[in-house]
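Asks: got a predicted structure plus its sequence, pasted below:
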Amino acid sequence: MDATAAGAETVFSPDTDSLAFRRALGSFATGVTIVTAPGPDGPVGITANSFASVSLDPPLVLWSPAKASRRFDYFATAPHFAIHVLGAGDHAICEGFSRAHSAFDALDWSENAHGVPLIHGVAARFECTLEASHDAGDHLIIVGRVTRVAHDPQAPLVFHAGQFGGFAPRG
Ligand SMILES: Cc1cc2nc3c(=O)[nH]c(=O)nc-3n(C[C@H](O)[C@H](O)[C@H](O)COP(=O)(O)O)c2cc1C
């Protein structure tokens with residue numbers, strides 16, 4: 001048996017134990033992104049790990065804003081937005097946008113032709129137009145068509161079980 005096997009499986013209904021459900025979902029390690037869009041009073045952003053690649057042809061990606069978020073309206077209908085994949089050194093950016101939608105102060109950023117804030121120096125950046133949105137319980141699934149990509153290969157910021165860390169490739 002694998003030395004890391006815990007051997008302490010619990011089985012439950014997500015309806016009766018939502019905290020345990022969240023913990024189980026947290027066992028799926030993800031990268032971390034910042035989604036940005038033009039807001040009514042300036043640029044807005046949000047930390048999101050719900051990002052996923054969807055299609056190469058056409059080039060589609062997705063992410064999911066929570067309906068309970070005070071920022072939901074900024075992102076639910078934005079016709080243009082950008083998704084930034086954070087590198088290992090971008091933890092402060094992640095923290096900034098998990099706390100506030102306007103955490104651009106210390107950042108190097110510019111705007112594209114649609115007024116979408118583009119954060120510089122990240123591992124990858126996908127400029128998108130809204131392709132579709134799908135109602136999904138307490139979240140909305142937003143599908144973006146990627147119109148422009150920036151890529152600067154670097155070690156990723158990783159999120160797992162509520163903690164941030166790095167990626168250790170198999171030797
Ligand atoms: C690692 C991480 C991933 C997150 N992923 C998402 C996400 O995919 N969708 C989302 O709506 N909020 C996500 N959040 C929460 C938002 O970043 C933000 O903390 C939340 O919207 C704050 O509430 P407010 O928008 O009401 O101010 C995530 C937060 C963290 C730290």
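Replies: Structure received. Numbers count the residues shown, from 1 in each chain.

Asks: any idea how far the ligand is from the residue nearest the centre of the chain?
Replies: When CA atoms, centre = their mean is applied to the chain, the residue found nearest the centroid is Ala48 (2.7 Å). Applying CB to the nearest ligand atom, to the nearest Å, one obtains 3 Å for the distance of Ala48 from the ligand. No exception for glycine: its C-beta is placed from N, CA and C like everyone else's.

Asks: can I assume that residue is in contact with Ala37?
Replies: No. When contacts are counted by CB atoms under 8 Å, Ala48 is not listed as touching Ala37 (11.9 Å).

Asks: touching, Ala52 and Leu62? I think so.
Replies: Yes. The pair Ala52 and Leu62 passes the contact test of CB under 8 Å, sitting 5.3 Å apart.

Asks: those two - which one has more neighbours?
Replies: Neighbours of Ala52 and Leu62, each counted by other CB atoms under 10 Å, are more numerous for Leu62; the result is 20 against 13.

Asks: touching stretch 164-171 from outside, list them.
Replies: Applying CB atoms under 8 Å, 6 or more residues apart in numbering, the set of residues contacting stretch 164-171 from outside is Val32, Ala88, His91, Cys94, Ala155, Pro156, Leu157, Val158, Phe159.

Asks: between those, which is nearest Asp15?
Replies: Phe159 (25.3 Å; CB to CB).

Asks: helix/strand/coil for the closest one?
Replies: Per DSSP: H, G, I helix; E, B strand; the rest coil, the local secondary structure of Phe159 is strand.
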